[in-house]
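Asks: sequence first, predicted coordinates after that:
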Amino acid sequence: MFGFPEAYKPLPKKKKKKKKYIPQIVKDIQGYKHMEIDYAFEKNISYSQFSQYLECPKKWELNYVRGYKVFNSTIHTVFGTAIHEALQYYLQFMYDNSGAAADREDIEGLFEEKLRTEYKTQYEKNNKQHFSSPEELREFYNDGVEIIKYVKKHRSKYFSKKGWYLVGCEIPITLIPNYKLKNVKYQGYLDLVMFHEPTNTFNIIDIKTSTRGWNNKAKKEEIKQFQLILYKKFFAKLFNIPLENIKIEFFIVKRKTYDNPDFHISRVQQFTPASGKVKLNKVTRLLDEFITEAFDEQGEYKDKEHEMTPTDKCGWCPFYKTIKCSATFEY
Ligand code: SF4
């Protein structure tokens, strides 16, 4: 027997995924085709090279020109890489989806994995010599978890979605700073770039890790500030954005806080260095001096003796009190 045919049920309508609105300027930056570097005949300079030259031209020469580059990874640099990647993933997920969805992601697990793999990479580079201990790695892992928990809990204080768009994480910046030396290209990466549509402004954020934050002395260190000031200038130039529409900010995450039950102790410190005309001109001049002093017209390192500038930081330099550097600095 045939029964009555089942009542016709229309298939449930597939919900059309609403296309996410992205401001045109953000799309343009995201789709930008970046300049490439042909390492066969071009040299790239990074901020770490430039800052090393600013610190001491001799140190830069020994590292880059004479090839005495020494292994300089530490548990601090490994931690920095892992926490950067974990926070960037979290923020990207938050802006692509929602804060609640990002909170459900296992960011602590991701951080642990990054910490392990980055340590392993650096251990291999160090001829399989350990430069930390399981106890120290555990301590840094715990510190990172505290930072992640803090950022998750207070995300709306630091990262709003009202009118804000995440342009990207690790946005490359590649350009020729001095057209007389076309074979020397600057390459850097911007940790986070945000766009605020209502005010048409960008915020370039550099994530820094620190044990207890930056004190006044650290905030005044120009070499620290120059990185972001330079990025402001390059971002403006590359994407044709007025300088006054670009803000910069250091987002400093602290591994340790001073315990005080009476006060709320933040794990995050925000710092915006002055980046007006005077500072922009200064960093431009210094970068130009570095390029013209260090490279010839073919883009090769000049074979010359660079000056030593001994300071109280010499004690951290791998060439201190070696035959490679005759500098002395009495503390
Ligand atoms: S020890 Fe001091 S002066 Fe010598 S290369 Fe290192 S930073 Fe420069």
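Replies: Yes, it's here.

Asks: helices of this structure, start to end?
Replies: Counting by DSSP state H, the chain has these helices, from start to end: 24-30, 47-55, 57-60, 75-96, 99-104, 107-125, 134-153, 155-158, 216-220, 222-239, 277-294.

Asks: OK, contacts around the one residue in the stretch 51-200 of the chain that gets nearest to the ligand?
Replies: When scored by CB to the nearest ligand atom, the stretch 51-200 of the chain has C56 as its residue closest to the ligand, at 3.3 Å. In this view, the C-beta of every residue, glycine as well, is placed from N, C-alpha and C. C56 makes contact with 308-311, 314, 317 under the criterion CB atoms under 8 Å, 6 or more residues apart in numbering.

Asks: redo that, cut-off 6 Å
Replies: Under the criterion of CB atoms under 6 Å, 6 or more residues apart in numbering, the neighbours of C56 are T309.

Asks: which residues of the stretch 1-150 of the chain lie near the ligand?
Replies: 56, 58-59 (CB under 6 Å from any ligand atom).

Asks: and with 8 Å instead?
Replies: Residues of the stretch 1-150 of the chain lying close to the ligand (CB under 8 Å from any ligand atom) are 55-59, 62.

Asks: and of the residues you listed, the nearest to Q225?
Replies: Within those, proximity to Q225 (CB to CB) peaks at E55, which comes in at 13.9 Å.

Asks: on that earlier part again, can you tell me which of the helices of the chain is most buried?
Replies: When the helices of the chain are scored by mean count of other CB atoms under 10 Å, the highest mean neighbour count falls to helix 57-60 (a mean of 22).

Asks: how about residues contacting it?
Replies: Defining contact as CB under 6 Å, 6+ apart, one finds that helix 57-60 is touched by 52-53, 306-308, 317.

Asks: also stretch 226-233?
Replies: Under the criterion CB under 6 Å, 6+ apart, external residues in contact with stretch 226-233 comprise 47, 190, 204, 206, 246, 248, 275, 279-280, 283.

Asks: if we use 7 Å, what do you get?
Replies: 47, 173, 188, 190, 204, 206, 243, 246, 248, 250, 273, 275, 279-280, 283-284, 287 (CB atoms under 7 Å, 6 or more residues apart in numbering).

Asks: against K19, how distant is G163?
Replies: Using CB to CB, to the nearest Å, G163 is found at 19 Å from K19.

Asks: who's more crowded, these two?
Replies: More neighbours surround G163 than the other of G163 and K19, with 11 against 6 (other CB atoms under 10 Å).

Asks: name the nearest residue to that one, ignoring sequence neighbours.
Replies: In space, not counting the residues next to it along the chain, G163 is nearest to P198; the distance is 4.5 Å by CB to CB, 6 or more residues apart in numbering.

Asks: what about the one you found, neighbour count?
Replies: Applying the criterion other CB under 10 Å, we find 8 residues in the vicinity of P198.

Asks: for it, give its distance to F251.
Replies: Using CB to CB, P198 is found at 22 Å from F251.

Asks: who touches the residue nearest the centre of the chain in this structure?
Replies: Geometric centre of the chain, nearest residue: D191, 4.1 Å, by CA atoms, centre = their mean. Going by CB under 7 Å, 6+ apart, D191 touches 84, 169-170, 205-207.

Asks: what's next to stretch 272-288, contact-wise?
Replies: Judged by CB under 7 Å, 6+ apart, the contacts made with stretch 272-288 from elsewhere in the structure are 50, 54, 177-178, 225-226, 228-230, 232-233, 247-249.
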